[in-house]
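Novice: when you get a sec, could you give me coordinates for this:
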Amino acid sequence: MAFHYPNGTPYNNHEAPQSKKQVKKHKSIQFGKRGMDFEEEINKSNAFYLSRNTAVIHKKPTPVQIVKVDYPSRSAAVIKEAYFRQASTTDYNGVYDGYYLDFEAKETKNKTSFPLKNFHQHQIDHIQQCLAQKGICFVLIWFSSLNRCFFFSGEDLVTYWSEQESTGKKSLPLSIIEKNGIEIQIGIAPRVPYLDAVRQHIQSNKGVAINDN
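Specialist: Now for the predicted structure:
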């Protein structure tokens, strides 16, 4: 099924495979030695945090408008094309220990860098607006070929995004992500313990202690 942004641009959240062969390969990618989807693991982690009263974080629903439906039979309908009613912002938001969190989840097969083309200008604008209101914004980056996950702050993301025109660099080198980001060790419960990185980020930037439930 084809999804499009309001301006007609095809929707491509993560680095979506383009062929049946690539789709099969994508599904077999090992997430921490298990065939798992990155967003699915974040959703499970959010459910874990909610069950422990640690944080209330949810994936944002995006309303869509269906424009093309096929009816192969009277009892079945297949949606062939749909449009987002409004441009998407980021994947997740919620509250943790009195802090507003707003973040995106991205993955790449690259081993040495993360392409900035995986973001859109309206997402960067949204992150800047949230930062201006003192929200905590970030991106969780999953290097699927390396089985490594990083927290990368919204402040740094905005900086590198803005410098594209002057530097000509269209990607974030892994070395920069390692230096400026926080690596997240994949666990069991929660699978993606990203709040550990959030706590570290808050403490390093504001010098305050954060409750660890």
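
Novice: surely V78 is in a strand?
Specialist: Yes: according to DSSP: H, G, I helix; E, B strand; the rest coil, the state of V78 is that of a strand.

Novice: how close does it sit to P61?
Specialist: Distance, V78 to P61, using CB to CB, to the nearest Å: 22 Å. Yep, even glycine has a C-beta here, placed from its N, CA and C like the rest.

Novice: need the strands for this protein, in chain order.
Specialist: 2-4, 55-59, 64-73, 76-84, 92-96, 99-108, 113-115, 136-143, 148-153, 171-173, 182-184 (DSSP state E).

Novice: hey, least reliable of the ones you listed by pLDDT?
Specialist: Ranked by mean pLDDT, these bottom out at strand 2-4, with a mean of 53.

Novice: what residue is smack in the middle of the chain?
Specialist: A105 (1.1 Å; CA atoms, centre = their mean).

Novice: so who does that residue touch?
Specialist: With contact taken as CB atoms under 8 Å, 6 or more residues apart in numbering, A105 is in contact with F38, E39, I42, D91, Y92, V139, L140, W142.

Novice: pretty sure the second one is touching S45, no?
Specialist: No: using CB atoms under 8 Å, E39 is not in contact with S45, being 10.4 Å away.

Novice: quick one: end-to-end distance for stretch 148-164.
Specialist: Start-to-end span of stretch 148-164 (CA to CA, to the nearest Å) is 25 Å.

Novice: just stretch 50-61 next, same as before
Specialist: End-to-end distance of stretch 50-61 (CA to CA): 18 Å.

Novice: what does stretch 68-81 give?
Specialist: 5 Å.

Novice: and for stretch 139-157?
Specialist: 8 Å.

Novice: could you give the separation of it from the chain centroid?
Specialist: 9 Å (CA atoms, centre = their mean, to the nearest Å).

Novice: check stretch 107-124 too.
Specialist: Relative to the chain's own centre, stretch 107-124 is displaced by 10 Å; criterion: CA atoms, centre = their mean.

Novice: hey, C-alpha coordinates of it in PDB?
Specialist: Output in PDB follows, covering the C-alpha atoms of stretch 107-124 (Å, rounded to 0.1, in the frame of the first residue of the first chain):
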ATOM      1  CA  GLU A 107      17.600   2.700  11.500                       C
ATOM      2  CA  THR A 108      20.300   2.200   8.900                       C
ATOM      3  CA  LYS A 109      22.200  -0.600   7.300                       C
ATOM      4  CA  ASN A 110      25.200   1.600   6.900                       C
ATOM      5  CA  LYS A 111      28.200   0.700   9.000                       C
ATOM      6  CA  THR A 112      30.100   4.000   9.000                       C
ATOM      7  CA  SER A 113      27.500   6.800   9.000                       C
ATOM      8  CA  PHE A 114      23.800   7.700   9.200                       C
ATOM      9  CA  PRO A 115      22.300   9.500   6.200                       C
ATOM     10  CA  LEU A 116      20.600  12.800   7.100                       C
ATOM     11  CA  LYS A 117      18.200  12.300   4.200                       C
ATOM     12  CA  ASN A 118      16.200  10.100   6.500                       C
ATOM     13  CA  PHE A 119      14.900  13.300   8.100                       C
ATOM     14  CA  HIS A 120      12.600  15.900   6.700                       C
ATOM     15  CA  GLN A 121      12.700  19.600   7.200                       C
ATOM     16  CA  HIS A 122       9.300  19.600   9.000                       C
ATOM     17  CA  GLN A 123      10.600  17.100  11.500                       C
ATOM     18  CA  ILE A 124      13.700  19.300  12.200                       C
END
